[in-house]
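Colleague: what's the 3D shape of this:
(chains A and B)
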Amino acid sequence: MASIAHELAKKQKEISVSEFFEKNKHILGFDSLTRALITAVKESVDNSLDACEDAGILPEVFVQVTKEDNNEYRVIVEDNGPGIVKKQVPNVFGRLLYGSRFHTRAQRRGQQGIGVSAVVMYAQITTGRPAKVKSKISDEDVAHECELVMDTKKNRSQTVREDFVIWDKEHGTRLEVNLKGKYVQGKQSIFEYLKGVAIVNPHAKITFIPPDGGTIVFERATEEMPPPTREVKPHPEGVELGELLNMAKYTEAKKMTSFLNTEFSRISLRVAREILDIAEISHDQRPSRMTLDQAGNIIEAVNKVKIMSPETDCLSPIGEGLIRKSLKNVLGETRASFYAPPITREPKVFGGNPFVVEVGIVYGGQLNKEDPVQIYRFANRVPLMYQQGACATTQGIENVDWRRYGLEQRGGKGIPYGPAIILVHVASTKIPFTSESKEAVANVPEIREEIELALKACARKLKTHLNKAERKSKTRVKFEIVQDIIPMIAQKSAKIVGKPVPDIAGTITKIMNVVWVEDEVTYDKKKHHVSVKLYNYTPKTQKLHVHMVIPFDKVDEKSLAIAPSEVRDGTKVSWDIKKIASTEVFELAFDLKGVNRGEYDDNEVFVSGIDPASIIGADILPGDWDLEHITITEDKAEEASENGEIDYDEGAEVIDDEE
Amino acid sequence: MKNEERHLRAVDKLTELAADIYTQLDERKIPKMSIPLRTKSNIRFDRRSGVWKYGRATGVRSAKKLTGAQMLLRTMYMLEFMEEMIRNNKSSTLREMYYISEGWDKAKFSAQDESNMLAEDLEIITTCMREDFKLRPEEDGARVIGNITIQETDRKGKKKKINCRDDVGDSGYGIPYNVEREKITFVDCDADFIVAIETGGMFDRLVENRFDEDHNAVLVHLKGQPARSTRRFIKRVNEEMKLPVCVFVDGDPWSFRIHASLAYGAIKTAHLSEYLATPTAEYIGITASDILNYDLPTDKLNDRDIQALNAEKTDPRFSDQFWKHEIDLMLEIGKKAEQQALAKYGLDFVTDTYLPEKLTELGIMK
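Modeller: So this is what the prediction gives:
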């Protein structure tokens, strides 16, 4: 990335920028009319979000696209960022490669300063119309508005009109450009892009008015800003030859030792000297005199010297809690039945760059069962829209055997099928993209491995949920038999033979012969109401222990009728249930206060002190809970058909001669 | 047995069934019901009657499983409904009965097949017939052309004599759903044999070519897999008027089954085989050998056809030499043919050549 920028900078005198632009349309994301429109929105929105975050402002971004003429659209992007001081406006919007973060190593959306000025240039090339920029900083009473035209030969822009205007906004920036494009809907569209932005930027509020009217608002899911990302100097491992030469050329350091010490992270003066000794370079040499051979020697030497791993606390992952909250916020209309607890892995390092992988899975609801799963890819909080197949995130998904986790997948390879959305976010100070268009994460082994580990960890949670759901539906079937059907049979048969309705308790306990556990969480009036019902459908009186994982300090004491027998670690709570008579129901219920909605969706209920074969609806307490009264853990074997009787209604054979 | 008695007997049997379930509940058991298995592995050849009936294997419908419990509940609702009909002297079609179940809450049927099947289950268990329960099928429109005179008692109770050649239009005499003696008697017949025909197109071809007149034949249109009344009608004509029966169908596995249900007894209704099947019926439909001998235009067997043929290889009704040979041959050539494929040799070929050849071979035509 950096290298192409430098190449471009070098050639700037020789070829005009517009010529370069024309030749590199595909790199800049303007290779088709459809994509050009998306790119224009994308670059402007990225710019707005970065500006807001730099200033510690909760972003509020407004995007409007209107159709002007056949292929001409007007794109308006407005933010509540800090604003841009008047004299910098032409630089920010009208000069390629002008940016404050060129050269820096930090987790950022834009990395090369081509972004928004490329939009302005593309607009000008395709429609000949100037860009309109309005900006206001909080120190001033009025906003500054101007129209910019780019001088593509000099890579400078000229202000053709400017004015001071009243703007009912404390601070912010608004960009309006007219450009040739094509507005589409579907998987690769502005709407999908903004949806993705909203998912990975839960602190941002995004409003979109599409050309066909209507207003779409993605409300923010949190009022908290992500922690600011820190700039870090490059780690010497993984630095490339050209990069090293360039850094040496531009450094302010006068000697090689101080160059290495100040421009890189984790190189102390002692280490710098050690490297230079191995590379056989004088400590006092001027960095700008460094030759190609010397640079090569330094890179080799770096590998021989012990250097501390890069810092990893400069990254800003979205975080497990927020991913889930944000997915729920944005994908609410899919009515998904399950949001798997997302996984944020510990930061790892590739080629001297720290990175972190995050994965989330959404399952069920109105998501289509027959289709391949939907993949949402993100790099540094930017949705990736194109080149899905080439992306390491996709390849990671294809490499996992999803059949083990409850999704369909032919041959255990490839994109799985099922009602699911898989989100993968890679954050790094330097995302390795497959190409300059920044649409696919390169297949770096360290990153691939982390992606797969994160996917598997999240998929396991999905599988646990699916298992539980399956067990519940099996129980529900039996419940329907004994609660609804048997009483109706008793009633009808009694009516036909003209006798009193028989007592069916005996029949019911014979059919079930289990203690059935049904648990439920409901949220109302800022409280979670938890209920665990134990139905004794056995012929005997039963006693057992019930265990739950709950934040015990949040339990509303008034609501807790039965005192626990034990509370461990503040979360592992046990009750002794001394007596449930045959066909009786026992209810254990309490309220949780002060737990956020969505943070307690599922009960974890375990039982012990009872034969595992006679319990349905709850798991036997796992061994790692480590309680003394647990002994039996084996699974209940699937009951064989009784006395070898053939089930009349479940024969597979078709008995109709017509079929 | 008179109608009245039949209905009373049905009520007794149905009540017995409910009482059995009631007793099981009262004795704290899981209610269940045994029913002969209606599968091809449980049909046995009955030497005395010459047809295939259910064997001794039974299956159990138990309230332990959801489907079983649901079926038992439906049975209770159905019993109640039938008793009511008998008491109020009403009757309903199978389809109406399916719609009646809309109001049965958890006992509601999800498809008419289910309610039809349960009605058959009850026939088997009670040894009654669905007519005894006041259930009747839809009119199915099978028709007859030929020189046979029938006396039908119409809906007003008037007796009408109908000659199935002279008193009817070109579409023939329509077989009613009830073909029992109280409805139909055979008065006279001047015909040598019956040809039962699968498709309407072929029936019309034979009518247009006057095959019935030229060869003294009674033509019956089966309309695919024949309804009970059509099979019963053919059986009565066969027995009472002593007419031999020939079955003229397409050459594919499904047509083989049409013949089987008419001649040997259907798997689905094997409890009624003795009453519905005509064991002496001869097959004169298209065979795999015909496809080769007559060089007929064909279609490729599809996957379902192949599956059906393989299923027939383990169907005891097809275990004789003739069927074994023809089924294997059809699988081998991988082809099937419609009866109308005979038109390759002209519209008269079927009546002038094909049928006379087949019928002479069987000794039915001289």
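
Colleague: contacting residues around the residue of the stretch 1-150 of chain B found nearest chain A?
Modeller: For the stretch 1-150 of chain B, the residue positioned closest to chain A under C-beta to the nearest C-beta is residue B:28, at a distance of 2.7 Å. Just so you know, the C-beta spots here come from the backbone N, C-alpha and C atoms, and that holds for glycine as well. When contacts are counted by C-beta atoms under 8 Å, 6 or more residues apart in numbering or on different chains, residue B:28 is found next to A:505-507, A:510.

Colleague: rerun that using 10 Å as the cut-off
Modeller: Counting by C-beta atoms under 10 Å, 6 or more residues apart in numbering or on different chains, residue B:28 makes contact with A:502-510, A:539.

Colleague: Would you agree residue A:61 is in contact with residue A:78?
Modeller: Yes. With contact taken as C-beta atoms under 10 Å, residue A:61 and residue A:78 are classed as touching, separated by 7.2 Å.

Colleague: what touches both of the two?
Modeller: Residues touching both residue A:61 and residue A:78 (C-beta under 10 Å, 6+ apart): A:44, A:48, A:172, A:207.

Colleague: which residue ranges form the helices in chain B?
Modeller: Ranges of helices in chain B, per DSSP state H, are B:3-26, B:66-88, B:94-100, B:112-126, B:200-208, B:211-215, B:228-240, B:253-263, B:273-276, B:288-293, B:303-313, B:321-333, B:349, B:355-361.

Colleague: Packed most tightly, which of these would that be?
Modeller: Mean neighbour counts were taken over the helices of chain B using mean count of other C-beta atoms under 10 Å in any protein chain shown, and the top value, a mean of 24, falls to helix B:253-263.

Colleague: can you list the domains in the chain?
Modeller: Answering for chain A, as no chain was given. Listed by automatic domain parsing, the domain ranges of chain A are A:2-218, A:241-304, A:320-465, A:503-638.

Colleague: actually chain B
Modeller: Domain assignment for chain B by automatic domain parsing gives B:3-136, B:143-361.

Colleague: roughly how far out does the shortest one sit from the chain middle?
Modeller: Distance of domain B:3-136 from the chain centroid (C-alpha atoms, centre = their mean, to the nearest Å) equals 19 Å.

Colleague: Now do the end-to-end distance for it.
Modeller: Its first and final residues considered, domain B:3-136 spans 14 Å by C-alpha to C-alpha, to the nearest Å.

Colleague: how would you label the residue in chain A that chain B sits nearest to: helix, strand or coil?
Modeller: Closest approach between chain A and chain B, counting by C-beta to the nearest C-beta: residue A:506, at 2.7 Å. The three-state label for residue A:506, taken from DSSP: H, G, I helix; E, B strand; the rest coil, comes out as helix.

Colleague: That one - nearest residue in space that isn't next to it in sequence?
Modeller: Ranked by C-beta to C-beta, 6 or more residues apart in numbering or on different chains and with sequence neighbours excluded, the top spatial neighbour of residue A:506 is residue B:28, at 2.7 Å.

Colleague: And the pLDDT for that neighbour?
Modeller: At residue B:28 the predicted local distance difference test score is 90.

Colleague: do residue A:88 as well
Modeller: With respect to pLDDT, residue A:88 has a value of 83.

Colleague: And for the one 3 residues further on?
Modeller: We note a pLDDT of 79 for residue A:91 in this prediction.

Colleague: from memory it sits against residue A:117, does it?
Modeller: Yes. Judged on C-beta under 10 Å, residue A:91 makes contact with residue A:117 at a distance of 8.7 Å.

Colleague: The two: who's more crowded?
Modeller: Summary of the neighbour comparison: residue A:91 and residue A:117, criterion other C-beta atoms under 10 Å in any protein chain shown, with residue A:117 having more neighbours (27 against 14).

Colleague: SS state for that one?
Modeller: Judged by three-state DSSP, the three-state class of residue A:117 is helix.

Colleague: Touching, it and residue A:157? I think so.
Modeller: Yes. Using C-beta under 10 Å, residue A:117 and residue A:157 qualify as a contacting pair, with a distance of 8.3 Å.

Colleague: Can you pull the residues that touch both of the two?
Modeller: With contacts defined as C-beta under 10 Å, 6+ apart, the residues shared by residue A:117 and residue A:157 are A:90-95, A:98, A:131, A:148, A:150.

Colleague: Could you tell me which residues make contact with residue 218?
Modeller: Unless you meant another one, I'm taking chain A. So residue A:218 contacts A:61, A:194-195, A:197-199, A:201-202, A:204-208, A:326, A:329-330 (C-beta under 10 Å, 6+ apart).

Colleague: wait, chain B
Modeller: B:144-148, B:164-165, B:189-196, B:212, B:234, B:237, B:241, B:243, B:245 are the contacts of residue B:218 under C-beta under 10 Å, 6+ apart.

Colleague: let's go with 6 Å and repeat that
Modeller: Contacts were defined as C-beta atoms under 6 Å, 6 or more residues apart in numbering or on different chains; by that measure residue B:218 touches B:146, B:148, B:191, B:194.

Colleague: What is the neighbour count of the third one?
Modeller: For residue B:191, the tally of surrounding residues (other C-beta under 10 Å) stands at 19.

Colleague: what does the one 4 residues further on give?
Modeller: When counting by other C-beta under 10 Å, one arrives at 24 neighbours for residue B:195.

Colleague: so it touches residue B:246, yeah?
Modeller: Yes. Applying C-beta atoms under 6 Å as the test, residue B:195 and residue B:246 come out as touching, 5.3 Å apart.

Colleague: Quickly note the distance from residue B:142 to residue B:211.
Modeller: In this structure, residue B:142 and residue B:211 are separated by 18 Å, where distance is defined by C-beta to C-beta, to the nearest Å.

Colleague: pLDDT value on the closest residue to residue A:264 other than its chain neighbours, please?
Modeller: If the residues on either side of it in the chain are set aside, residue A:264 comes closest to residue A:236, at 4.9 Å by C-beta to C-beta, 6+ apart. On pLDDT, residue A:236 comes in at 87.

Colleague: same deal with residue A:152?
Modeller: pLDDT for residue A:152: 69.

Colleague: In three-state terms, label residue A:182 for me.
Modeller: Three states are possible here, and by three-state DSSP the one that applies to residue A:182 is coil.
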